[in-house]
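Trainee: how would this look folded up:
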Amino acid sequence: MADHMFSAEDKDRVGAAIAEAESQSAGEIYVVVAHGGEEFRYVPVIWAALAALLVPWPLHMLTSLPTTTILVLQALVFVGAALIMFHPSINHRIVPNAIAAERTRRQAYEQFLAHGVHLTEARTGVLIYVTPTDQRVEIVADVGIHSKVGEAAWEELAQDIAAAARRGQLVDGILSAISKAGALLAQHFPPSARNPNELSDRMVEI
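Mentor: The predicted structure is shown next:
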């Protein structure tokens with residue numbers, strides 16, 4: 001999933017899709033796209049250290065290089081490996097899945113709180129959080145929704161966005177997820193007569 005720069009038309013389409021989905025229910029949908037991705041500065045250091053620890057053994061056992069030379073090569077391997085793995089295009093690929101998933105989940109909850117998605121009157125806010133660079137999607141539903149719509153439904157929507165993005169159709173994936181989230185909300189939370197728009201319909205990029 002390559003990072004995606006959104007055009008004004010893309011943003012308008014997302015905003016219109018949110019407005020349409022919310023008009024059919026008492027829920028609120030908020031979309032955040034994090035272009036920066038996650039930085040895991042300690043992971044390249046760990047992998048580089050492991051590589052450097054392994055290098056001396058074959059050199060010591062299979063060559064007649066002096067110890068000083070082996071130690072210099074070990075240091076060069078550590079520095080070189082760390083520099084390579086710090087590159088943004090590689091960094092996110094070497095992070096263990098469990099660590100990356102937990103960090104994305106935490107960041108999504110932080111955005112959920114930062115944008116007040118938890119402050120809707122009926123606690124029916126849904127955050128769609130996308131990190132194109134890290135190839136991850138997290139959907140956070142407030143307690144009012146979560147008690148009626150199980151985690152599996154949101155996970156399916158998250159996977160749909162990721163699959164669409166891998167095909168180069170990130171915007172279409174987000175639009176489809178908004179529509180499906182709106183249908184879930186409409187099923188359990190039909191619109192009230194007042195049905196106020198409590199959150200902005202725009203997509204936020206950070």
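Trainee: Which residue ranges of this protein form helices?
Mentor: Assigned by DSSP state H, the helices in the chain fall at 8-23, 42-54, 56-62, 67-85, 88-91, 97-114, 143-146, 151-166, 170-188.
Trainee: The closest residue to L175 other than its chain neighbours: what's it in contact with?
Mentor: Distance criterion C-beta to C-beta, 6 or more residues apart in numbering; nearest residue to L175, sequence neighbours excluded, is A17 at 5.0 Å. C-betas here are computed from N, CA, C, even on glycine. Counting by C-beta atoms under 8 Å, 6 or more residues apart in numbering, A17 touches 174-175, 178-179.
Trainee: again, but for I94
Mentor: 43-44, 47, 85.
Trainee: Name the residues of the helix or strand bottoming out on mean pLDDT in the chain that come out as buried.
Mentor: When each helix and strand of the chain is scored by mean pLDDT, DSSP states H and E, helix 88-91 comes last, with a mean of 75. By neighbour count on 16 or more other C-beta atoms under 10 Å, the buried set for helix 88-91 is N91.
Trainee: Where does pLDDT dip in the chain?
Mentor: Within the chain, the segments meeting pLDDT under 70 span 1-4, 36-39.
Trainee: Can you give me the domain boundaries for it?
Mentor: 8-38+97-205, 42-91 (automatic domain parsing).
Trainee: First-to-last residue distance for the last one?
Mentor: Domain 42-91 stretches 10 Å from its first residue to its last (C-alpha to C-alpha, to the nearest Å).
Trainee: what's the answer for the longest one, then?
Mentor: According to C-alpha to C-alpha, domain 8-38+97-205 extends 12 Å from its N-terminal end residue to its C-terminal end residue.
Trainee: What separation is there between the nearest residue to H60 once chain neighbours are set aside and L54?
Mentor: Spatial nearest neighbour of H60, excluding adjacent residues (C-beta to C-beta, 6+ apart): I70 at 6.2 Å. Note on I70: its distance to L54, by C-beta to C-beta, to the nearest Å, is 12 Å.
Trainee: Specify which residue of those two has the higher count of neighbours.
Mentor: Between I70 and L54, counting by other C-beta atoms under 10 Å, I70 is the more crowded of the two (17 against 11).
Trainee: residues contacting the more buried one?
Mentor: So I70 contacts 55-56, 59-60 (C-beta under 8 Å, 6+ apart).
Trainee: Likewise for P96?
Mentor: P96 touches V43, counting by C-beta under 8 Å, 6+ apart.
Trainee: related to what we said a few turns ago, out of the domains of the chain, which is the most enclosed?
Mentor: Of all the domains of the chain, domain 8-38+97-205 carries the top mean neighbour count, a mean of 18, counting by mean count of other C-beta atoms under 10 Å.
Trainee: Closest one to R106 out of the contacts of I70, please.
Mentor: V55 (35.0 Å; C-beta to C-beta).
Trainee: Which residue comes closest to A101 once chain neighbours are left out?
Mentor: R136 is the one closest to A101 (C-beta to C-beta, 6+ apart), at 7.1 Å.
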